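[1] dropping the sequence and predicted coords here.
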Amino acid sequence: MSGKSDKNKKSSASPSKKVDIKKNEVSSDKVDLAKKDVSDKSEVLIRVEDLCKSFGNNVVLDGINIEIRRGEVISVIGPSGCGKSTFIRSLNLLEVPTGGKIFFEGEDITERGTDRRLIREKIGMVFQQFNLFDNLTVKKNIMLAPVKLKLMTKEEANKKAMELLERVGLAEHADKYPSQLSGGQKQRVAIARSLAMNPDVMLFDEPTSALDPEMVSEVLNIMNQLAEAGMTMVVVTHEMGFARGVSSRVIFIDGGNIREDSTPEEIFTNPKNERLRDFLGKIL
């Protein structure tokens, strides 16, 4: 696919689960992310229509259209400055679009009155620079949001934090501070912190770009485990091995729009878009 994404690819699927994003209410259901139900991969969790974002006269996103289904792992690739990070940050309204619509679980989250806090609970985010609180221990970094937002008691949050730290291989570091960890360990804590909110979707904005090369694999291994467990993921990445080996789809963004959207096999062995061919020729 080249040029703008097909605007006519609208889903008629009826989401089996919706969240009221206009009310300050949170479900008390606890979801084990290792056992997420991904039986209905036709369910569209996020639908983006004509998404635009400008900073002054600088047009960064120029009419993006895409559907993201439950259980998909979508890698977002493209040259620096093409709009990848702005796109992914728009999905949970860290960047507010200047045009277009974003539907999450059937609800238009770009409408006025949307509870952005609740959206960010349901759509988790892992950043390049970890964003941990240096004055809190590893465990308390993970516990903070669920307790502050009254999603869990301290006892529940403590148990959840330890379960997640065990899952990312850092249980023995629970009482350390971020300054005592390596970059790869910090990013694994950041992933655990996001998982503590029981999100339906996880966004990753170049999660390995700030890491030393030898620490990249430990983070990618955790992400691979999440993918195998059925977590819906959108990953901005320069790690072409991950994009090719783990993703169910890869999208190539250039000039603020999706120029190609296909399977990893098609993207890497039979790219249709000339700009994508040029991009891959320079990095592979």
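    That came through fine. Residues are numbered from 1 along each chain as shown.
[2] and the lengthiest helix in the chain, what does it pack against?
    If you go by DSSP state H, the chain has its longest helix at helix 213-228. Helix 213-228 sits against helix 183-195, strand 232-236, helix 240-245, with contacts defined as 3 or more C-beta pairs under 8 Å, 6 or more residues apart in numbering; DSSP states H and E. From N, CA and C alone the C-beta is placed, and that goes for glycine too.
[3] switch to 7 Å and redo it
    In this structure, helix 213-228 makes packing contacts with helix 183-195, judged by 3 or more C-beta pairs under 7 Å, 6 or more residues apart in numbering; DSSP states H and E.
[4] just checking, what packs against the helix it packs on?
    strand 123-126, helix 138-148, helix 154-167, helix 213-228.
[5] the helix or strand just after it: partners in the sheet, and parallel or antiparallel?
    Downstream of helix 183-195, the next assigned helix or strand under DSSP states H and E is strand 201-205. Using DSSP bridges, strand 201-205 pairs in its sheet with strand 123-126 (parallel), strand 232-236 (parallel).
[6] list the buried residues for the last one?
    Taking 16 or more other C-beta atoms under 10 Å as the basis for neighbour counts, the residues of strand 232-236 that come out buried are Thr232, Met233, Val234, Val235, Val236.
[7] what about Ala227, distance to Phe133?
    Distance, Ala227 to Phe133, using C-beta to C-beta, to the nearest Å: 28 Å.
[8] more crowded one of the two?
    Ala227 (21 against 12; other C-beta atoms under 10 Å).
[9] leaving aside the residues next to it on the chain, what's closest to the more buried one?
    Closest residue to Ala227 apart from its sequence neighbours, by C-beta to C-beta, 6 or more residues apart in numbering: Val73 at 4.7 Å.
[10] over to Leu181?
    His173 (6.5 Å).
[11] and Pro207, by the same measure?
    Spatial nearest neighbour of Pro207, chain neighbours left out: Val126 (5.2 Å); criterion: C-beta to C-beta, 6+ apart.
[12] center of this protein - which residue?
    Leu203 (0.9 Å; C-alpha atoms, centre = their mean).
[13] list the contacts for that one?
    Shown in contact with Leu203 (C-beta atoms under 7 Å, 6 or more residues apart in numbering): Ile88, Leu91, Asn92, Ile123, Gly124, Met125, Val234.
[14] same check on Ile222?
    Val168, Arg188, Ile191.
[15] out of those, grab the one that's most surrounded.
    Arg188 leads these on contacts (other C-beta under 10 Å) with 29 neighbours.
[16] for it, give its distance to Leu195.
    Arg188 is 11 Å from Leu195, by C-beta to C-beta.
[17] which one, of the strands paired with strand 201-205, ends up nearest to Val147?
    strand 123-126 (16.8 Å; C-beta to C-beta).
[18] so for the closest one, what gets flagged as buried?
    Those would be Ile123, Gly124, Met125, Val126, for strand 123-126 by 16+ other C-beta under 10 Å.
[19] can you tell me the closest non-neighbouring residue to the first one?
    In this structure, Ile123 finds its nearest non-sequential neighbour in Asn92, 4.0 Å apart by C-beta to C-beta, 6+ apart.
[20] in a markdown table: the strands paired with strand 201-205, plus mean pLDDT.
    Below are these laid out as a markdown table (pLDDT from 0 to 100):
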| stretch | mean pLDDT |
| --- | --- |
| strand 123-126 | 96 |
| strand 232-236 | 98 |
